[in-house]
Every structure is written in structure tokens, then in C-alpha cells.
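1. Any chance you can model this:
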Amino acid sequence: AGLGDAARREGLAFPDITVGVRTGDTPQRDRQRMLRHPPDVLITTPESLYLMLTSRASEVLEDVRTVIIDEIHTMAATKRGAHLAVSLERLERLLPEGNDGIQRIGLSATQRPLTEVARFLGGQHADGAPRPVEIVDAGIGKQLDLEVVVPVDDMSNPAGGGPTPMATDLSEVAGQEDTRRSIWPAMYPRIVELVRAHASTLIFVNNRRL
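-> Below is the predicted model:
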């Protein structure tokens, strides 16, 4: 939708691209509809891809030219990844003779080293030779501002002489009856300050009640 809107704003023609989703939760009627009218883009899982390859649905995969594997690092070193690798090779065999093969694209923001996952992504030719893979590394370094802050001087006495009015109010909202036993009341004012100073803030806690 975003690409189509951008094209229309520029007065450019944009093809009517259809998108289908095939997972274990896809209703049977939708699966049958895909057989009759294959989508231009199919979003699926390794497990559903395997089932398609072993059924009549494999017919709609004969024209596949590109496979994009998102978060590839989560599968590369697992049984699920081995299963996917086999399915990709079976997908290659569906192509007509003389075809250059399927373009495989793997996406990951955290994979290191890249060469390992590239080897997994490319696989091997029938003669055992590895397929060539081009690695594109955005190389965007993150600038971290890391600081460890201790909310009170004496961690054995979190209240430290009694909570502030704001801490007491927030403690009651959180359902804490005894603020003296919790470190949170001492942290509330600083948390509120940081939240107000930034557009978005993530807070990780060790208690679901918070």
C-alpha cells in the first residue's frame, strides 16, 4: 500500500500486486483460492512451505523467482533451519531446465559472522560446490549511552528514611502496600523524569504487577 501511494503521488503507474498468506492457520477455502489464483507475493513459514512442496500446491511454486527469509539468524543453526534448507533445494528442482535458479535473500540485523549464515543461505549445487552469495553489510554502528545508576546509597534500606510523596502516590497506584521493602519507590521520580524527557521509553521489570 505504501509503494502504491507513493507511485500515485508521483503520477506513476503501479502494478496491481496480490499478496497471499499461507500458514497453519490459513482456512482451507483460502488455500484452495491460492491454487486457482496464485498471489504475486506469498508470505509463509518453513513448515507450510514443506507441506506445499509435498502436495498439489507445489504447482503454484513453479514460477517462484525470489525467496526472502526474514530473521534468518533464528533458523540457521536449528533443526528448523535444516528443514528449510531441504525445502529450498526442493524448490529449486521445480524450476524448468536452463533456469538460473532462485534468488535467495536473507535478512538479519544481528547475525555475526555474516559468512556463516551466507553459506547456509546459498546452499550447494548438485556437484557439491557452494553457490555464490553476495553479502551486503549496512555497517551501521550504534552509539550507546550506557549508565548504571544505584537509586539509593544503602540497598539494604531501600526507603532510606521514607519515600517521597510522589513515590508514595505511585506506589499506591502500583498496588504496593509497603514501600519500605521495595526499591521501586526510590526509582519512580527518576523514571518519570526520563519518560517526560524522551519521545519513547522502554522499562524492563521483574514483576508482572508492575
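2. which regions of the protein lie under the pLDDT threshold?
-> By pLDDT under 70, the weakly predicted segments of the chain are 1, 98, 158-181, 209-210.
3. In space, not sequence, find me the middle residue of it.
-> Centroid check for the chain by C-alpha atoms, centre = their mean gives E71 as the closest residue, at 5.4 Å.
4. Pull the contacting residues for the closest residue to that one other than its chain neighbours.
-> Leaving aside its sequence neighbours, E71 sits nearest to S108 (C-beta to C-beta, 6 or more residues apart in numbering; 6.4 Å). Quick note: C-beta positions are derived from backbone N, CA and C, even for glycine. Going by C-beta atoms under 8 Å, 6 or more residues apart in numbering, S108 touches 71-73, 117.
5. So which residues of this protein form strands?
-> Per DSSP state E, the chain carries strands over the ranges 19-22, 41-44, 66-69, 103-106.
6. Just put those strands in JSON lines and tack on distance to Q28 and mean neighbour count.
-> Below are these laid out as JSON lines (distance: least, C-beta to C-beta, whole Å; neighbours: other C-beta atoms under 10 Å):
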{"stretch": "strand 19-22", "distance to Q28": "11", "mean neighbour count": "16"}
{"stretch": "strand 41-44", "distance to Q28": "16", "mean neighbour count": "15"}
{"stretch": "strand 66-69", "distance to Q28": "25", "mean neighbour count": "15"}
{"stretch": "strand 103-106", "distance to Q28": "30", "mean neighbour count": "16"}
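7. right, and those - which one's nearest D30?
-> D30 lies closest, by C-beta to C-beta, to one member of these: strand 19-22, at 7.8 Å.
8. What strands line up against the closest one, and which way round?
-> Applying DSSP bridges, strand 19-22 is found paired with strand 41-44 (parallel).
9. Give me the contact list for the partner strand.
-> Counting by C-beta under 8 Å, 6+ apart, 17-23, 34, 52, 60 sit against strand 41-44.
10. Stretch 23-38 too?
-> Under C-beta under 8 Å, 6+ apart, the answer for stretch 23-38 is 18, 20-22, 42, 44-45, 47-48, 56-57, 59-60, 63.
11. coming back round to it: mind checking the backbone torsions on the residue nearest to the centre of the chain?
-> Main-chain torsions, E71, degrees, to the nearest 10: phi 50, psi 50.
12. so where do the helices sit in this structure?
-> For the chain, the helices defined by DSSP state H occupy 2-9, 28-36, 46-53, 79-93, 114-122, 165-173, 184-197.
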